[in-house]
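Novice: With the sequence up front, the predicted model follows.
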Amino acid sequence: MKAFSKTMRYILASICLFVSHVVIAQKTTTTFAVRQQDPRLHVGMEYELGDNNTLGVFTQDYRITVQNKTNDKLHVYIEYYAETVCGKRRTSDFAPLGDGYIMQPGESVNPTWNSAFGYQRFTQDECPKNTWKQVGVDKNGDKTYSIISSLGYRIVKIINLSEQERKEAEAKKQEAVKKKKEAEEKKQSGSDTNRKKEGGGNQQVEKGNATNDDFWGDGSSSKKSSHSTSNSVNSNKDLYPRDENFVADSKFKSKLNGVKEGEYFTDGAGGYYKKELGGARKVDKIVYEREAANKIYEKMERQEAERQQRDAEFQQNWDNVSTSFYVMSAAKEGMRDASDLGSGFQNIEELNAAFNQKMRQVSAMGSQVQAAATQGAQAYANLIGTGSSGYDYSGAVGALGGIAASISANRAQNRAREELKEQRAAEEARIKKMQLDALVAVRTEIGKVFIEGGMPLSAHKITAPVLYVFAYNSNKADWNKNQNVAMSISNVIPVYRYSDGTYPYTSNVKRTFENEGLSNPILMGYFTNKSEAENYRNSLLEVAPNAKFTVKNVEVKVKEQKSNTTNNTSETDFWGTKTETKKQNNTQNAETDFWGTPTKDKKAEPKKETKKEVDFWSR
């Protein structure tokens, strides 16, 4: 029996866990707007709204999403965190083993609950239940809560692995070129040394042959010749080494001016030489051509290295421009989300929360647009700074058949620059329009929520002795412009009931605000409770600046009266005038309503209105 009970508890626990995961998977995911910190990455933060009706268990998940916007392999180190409504903060690493994460070109990481990293969960024990924040209701009518107050992240560092690989490959190539050059120089040096040795042996043989006895065998002729030769060598040994292959620079027409030591040249008459101190040494044609070919190879390798460097700079600038468009695209998506305010608000608090969230998104998107435009402009300036003349190559190869090459700049680059310029202007125009659309959407929603009211009629059966209203005005023709718009908001004023049980007309109440400088006022109310009116006014004061309204407070003073709790006890009307005085002067200075009808006839007006269906706002 005990074993059976244990098995049943295990099965029930498994079912609960399964149901919990299924329900969690169906929760609504909400995007939390975050600032993009590096143009190479796009980072997003999301969280779910939970309820405590799922088998009595409350959980709330959140995650970070990261996209590599480049064509390079990046090693990223990111910390992300969540702050709770009870003041706690949880920080996590975007890494499976804590040593960062290597992202492939264009890779997107969208973690789920089963992922090894990037996904976190809060349980109901994280914060006391009385601190949970109610954020609305779900489609089943259940209240939804959040223990997350904010989300954020920090990019610790980014290492471009692809760039490192390119640099290593370039270094290896340069090292190979250097070794090849050293081998050629060593080989050439060995050839010159061998030729010198051969030349020195010949001189010794000639010298030995020249030392012969004369006819008499006493060697007198040899001595004379030796003495003469010795004097000649001693006098000219510094300028003219005894070498038939060496020619003094004075023997050349140009005196070898402009020819550097160690350079090879030809005299134009079939002779090939290498410049040395005091003259030039004859060399074979094959040696001259090999040296000329080596120089051409070196020049081509140097030009190729310069070309690769220019190409790398061009590619980097192009990537920077492309990356700025990634940011603009992300900003465009954010603008589309921010311009959708949603609907179905249950109270003013929910409306204010939605307004604040969306306006934070609009501000964040605006900052991203500005950053992207600034970066794109700088990258574009660097891009067009690379002149086409930097891509010209030329060289003459006499020893290899007289090859001459001249490589011009790619005209497609110029066309790409023009297309990029047009695309950038179009993208900026579209993003600015989306920002304006988001702003207009918020202003339009304000106009819908804070719609004009009016004073009650007899058909409304209102018996409150005092009602409360306030008013605001703003030029709605400017609401469709991306600029600060003036808005004047009055204080809450009381409106007293007449002694006959009726209330002042809406036009008369409006005139009170107009007399204080509030032209074309939009009347808010009526309210039977002053605190309710104040809360509604404070909501407008809080929301308006987020929609770029410049708020001006207008103080409207109304003479206080005693509340008229019965139909016949009040001695003054809405304007503070005694009713006796009004009766005495009704023949000459009778007060009239908006239509010019004396107030004594206003009892008949509500009776006409009772034939017409009216709602709370008198529409």
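Specialist: Thanks, I have the structure now.

Novice: Low-confidence stretches in this structure?
Specialist: Applying pLDDT under 70 to the chain flags the ranges 1-27, 51-56, 116, 191-242, 314-417, 419-421, 423-424, 427, 563-619.

Novice: for the longest strand along it, which positions count as buried?
Specialist: When the chain is parsed with DSSP state E, its longest strand is strand 148-160. Neighbour counts using 16 or more other CB atoms under 10 Å place 148-149, 151-153, 155, 158 of strand 148-160 among the buried residues. Backbone N, C-alpha and C define where each C-beta goes, glycine included.

Novice: From Q308, how far off is R302?
Specialist: 11 Å (CB to CB, to the nearest Å).

Novice: same deal with Y153?
Specialist: Computed as CB to CB, the Y153 to Q308 distance reads 36 Å.

Novice: same thing with Q37?
Specialist: Counting by CB to CB, the separation of Q37 from Q308 is 31 Å.

Novice: swap in E185?
Specialist: With CB to CB as the criterion, E185 and Q308 are 24 Å apart.

Novice: Make sure D72 is actually in contact with N160.
Specialist: Yes. Counting by CB atoms under 8 Å, D72 touches N160, with 5.3 Å between them.

Novice: who touches Q60 in this structure?
Specialist: 47-50, 121-122, 145-148 (CB atoms under 8 Å, 6 or more residues apart in numbering).

Novice: Any of those residues buried? List them.
Specialist: Buried among the contacts of Q60 (16+ other CB under 10 Å): 47-50, 122, 145-148.

Novice: Tell me which of those fall in strands.
Specialist: Among the buried ones among the contacts of Q60, DSSP E puts 47-48, 122, 145-146, 148 in strands.

Novice: Quick check: the farthest pair among those residues?
Specialist: Within these, two members stand farthest from each other by CB to CB: Y47 and Y145, at 11.8 Å.

Novice: Could you tell me how far K530 is located from E514?
Specialist: With distances taken as CB to CB, K530 is found 23 Å from E514.

Novice: likewise G87?
Specialist: Distance from G87 to E514, counting by CB to CB: 49 Å.

Novice: neighbour count winner among the two?
Specialist: Neighbours were counted for G87 and for E514 using other CB atoms under 10 Å; E514 has more, 15 against 9.

Novice: residues in contact with the closest residue to that one other than its chain neighbours?
Specialist: Nearest residue to E514, sequence neighbours excluded (CB to CB, 6 or more residues apart in numbering): P521, at 6.6 Å. Neighbouring residues of P521 by CB under 8 Å, 6+ apart: 471-473, 490, 510, 513-514.

Novice: can you pick the most crowded of these?
Specialist: A471 (28 neighbours).

Novice: ok, it touching L523?
Specialist: Yes. A471 is within contact range of L523, at 5.1 Å (criterion: CB under 8 Å).

Novice: Need the overlap of contacts for those two.
Specialist: Counting by CB under 8 Å, 6+ apart, the residues touching both A471 and L523 are 510, 513.

Novice: hey, where'd the strands end up in the stretch 501-619 of the chain?
Specialist: Ranges of strands within the stretch 501-619 of the chain are 522-527, 549-554, based on DSSP state E, counting those that start in this stretch.

Novice: Please identify the deepest-packed of those.
Specialist: Of all the strands of the stretch 501-619 of the chain, strand 522-527 has the most neighbours on average by mean count of other CB atoms under 10 Å, namely a mean of 22.

Novice: Now tell me what touches that strand from outside.
Specialist: Residues from elsewhere that reach strand 522-527, judged by CB under 8 Å, 6+ apart: 450, 452-456, 462, 467-473, 495, 506, 509-510, 513, 533, 536-537, 540.

Novice: and this protein, what are its domains?
Specialist: With domains defined by automatic domain parsing, the chain comprises 2-162, 309-434, 458-609.

Novice: Skipping adjacent residues, who's closest to E555 in space?
Specialist: In space, E555 comes closest to N491 once its chain neighbours are excluded; the distance is 5.7 Å by CB to CB, 6+ apart.

Novice: Backbone dihedrals for the one you found, please?
Specialist: phi -80, psi 170 (degrees, to the nearest 10).

Novice: didn't it look like it was pressed against V469?
Specialist: No. Taking contacts as CB under 8 Å, N491 lies outside contact range of V469: 10.3 Å.

Novice: So which of those two has more stuff around it?
Specialist: Using other CB under 10 Å as the criterion, N491 and V469 rank with V469 on top: 26 against 16.

Novice: Would it be right to say that the more buried one lies in a strand?
Specialist: Yes. Judged by DSSP: H, G, I helix; E, B strand; the rest coil, V469 forms part of a strand.
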